[in-house]
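A.B. asks: Give me the fold of what follows.
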Amino acid sequence: MNAILTTTYWEIGRRIVEFEQGGKVTTEYGEILLERLSKDLTALHGRGFSRTNVAQMRAFYVAWGIVQTPSGKFEARGKFKELPGNSSGAIVQALSGQSALAQTVSAQLGRVAFPLSWSHYVRLLSVENPLARAFFETESLRGG
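C.D. replies: Numbers count the residues shown, from 1 in each chain. Below you'll find the predicted structure:
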């Protein structure tokens, strides 16, 4: 259940960034957009879509990507903008908890199962340093 909820929140974040914001990570009208989406989602689906939670969904999508591996499995990966020794500034993706994060995608749902609960990812989002965030994610997975 946690995996479905977390994946749903990631998908909402993806839709906000890709469709509502035209692929841009931030927009000039971001606060107004989040407030409007919060009200619309709450009216349609009930609780759980406060402005803060909707903002966290968007941040979750921005921080964690889902990529398909050659084996046909999907992996959730933390996104890093600047790593030591990366002078190009390109986004480099590092996988934490490699075997635990590799999940088979349900052909019917087309979604990846995130190994941690939503509350874990919300807590990890508060860690600003992406390398520290990856460390804490790995330790959470390792510690069960």
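A.B. asks: who does the biggest helix by length in the chain touch, helix- and strand-wise?
C.D. replies: Longest helix in the chain, counting residues (DSSP state H): helix 30-45. The helices and strands touching helix 30-45, judged by 3 or more Cβ pairs under 8 Å, 6 or more residues apart in numbering; DSSP states H and E, are helix 51-63. Placement of C-beta: from N, CA and C, glycine included.
A.B. asks: What helices and strands are in contact with the helix it packs on?
C.D. replies: If you count contacts as 3+ Cβ pairs under 8 Å, 6+ apart, helix 51-63 packs onto helix 2-15, helix 30-45, strand 74-80, helix 118-125.
A.B. asks: on that earlier part again, report the mean per-residue pLDDT for the longest helix of the chain.
C.D. replies: For helix 30-45, mean pLDDT is 90.
A.B. asks: That helix to helix 51-63, inter-axis angle?
C.D. replies: Between the axes of helix 30-45 and helix 51-63, defined by axes from the mean of the first three to the mean of the last three Cα atoms, to 10 degrees, the angle is 110 degrees.
A.B. asks: Look up the closest residue to residue 60, ignoring the ones flanking it.
C.D. replies: The shortest distance from residue 60 to any residue other than its chain neighbours is 5.0 Å, reached at residue 13 (Cβ to Cβ, 6 or more residues apart in numbering).
A.B. asks: Tell me who's in contact with the one you found.
C.D. replies: The contact partners of residue 13, taken as Cβ atoms under 8 Å, 6 or more residues apart in numbering, are 57-62.
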